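Asker: Prediction below, plus the sequence it came from.
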Amino acid sequence: MSALFVVATPIGNLRDITLRALDILKEVDFIICEDTRVTSVLLKHYDIHKELISFNARTEEKKIEFIISRLANGETCALVSDAGTPCISDPGVRLVNAVHKKQIEIVGIPGASGVILALSIAGLPTDSFLFEGFLPQKKGRQKKLGEISTEDRTVVLYESVYRINKLMNELNSIMPDRLVVVCKELTKKFEQIWRGKPNEFRDTFNENNIKGEFVILIAPSSWVHN
């Protein structure tokens, strides 16, 4: 039977993948991925040889119909992202929605997630949290930060190396007393985790160590850190 498997892949360490995910990647007819070069590294590591179809924000509208036509003809495929769980701040939501509409089976294969990993090691309240992904780069950014400043749940953000210093300065200006946890390069060789108030990070991210990907957690407005 045709099916779309939404498969979580490692966020850094290639060993952070489930046995079930590997089985699915070996069994499907083709794999949909953001960047064939990135996914090829994972597949080569596990000696998996499959047809790869690139699928990103620029190409998804054009390729959805093609993918669905193959599924309708009885093929199976896996949807993966460059890192972590597909469709979480990544392309794929429109494809999954379109496949649902065609009443083709969708199966989720759980695994690594930067959001959940960061929450598990941050030491902040996790009974309720708000995931905002990447903040707007320009329009609406200050408004969103203002909303976060009054949020009474742990807030999780993604940020790039190009704006991490800018974000720390913004947090210091808008919510200087809030505890912030910054996670860099999770599961990778140069993984680092910092905790402190925004002004404590002013000299942390200099040109020598600003490489990497960041997950930022902001404590709830009412949470008291001792």
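Answerer: That came in fine, so what should we check first? Numbers count the residues shown, from 1 in each chain.
Asker: all helices of this structure, in order?
Answerer: Remark: helices assigned in the chain by DSSP state H are 19-27, 36-45, 60-72, 93-101, 114-122, 141-149, 164-174.
Asker: out of the ones you listed, nearest to residue 183?
Answerer: Among these, the nearest to residue 183 by Cβ to Cβ is helix 114-122 (4.7 Å). C-betas here are computed from N, CA, C, even on glycine.
Asker: so what are the domain limits for this structure?
Answerer: For the chain, automatic domain parsing gives the domain ranges 3-109, 114-218.
Asker: which one of those has the lowest average pLDDT?
Answerer: Comparing mean pLDDT over the domains of the chain, the weakest stretch is domain 114-218, at a mean of 91.
Asker: gap between that domain and the chain center?
Answerer: 14 Å (Cα atoms, centre = their mean, to the nearest Å).
Asker: Between the two ends of that domain, how far is it?
Answerer: With Cα to Cα, to the nearest Å as the measure, domain 114-218 spans 15 Å from end to end.
Asker: want to throw the helices of the chain into CSV with distance to residue 211?
Answerer: Putting the helices of the chain into CSV (distance: least, Cβ to Cβ, whole Å) gives the following:
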stretch, distance to residue 211
helix 19-27, 28
helix 36-45, 17
helix 60-72, 29
helix 93-101, 29
helix 114-122, 17
helix 141-149, 23
helix 164-174, 11
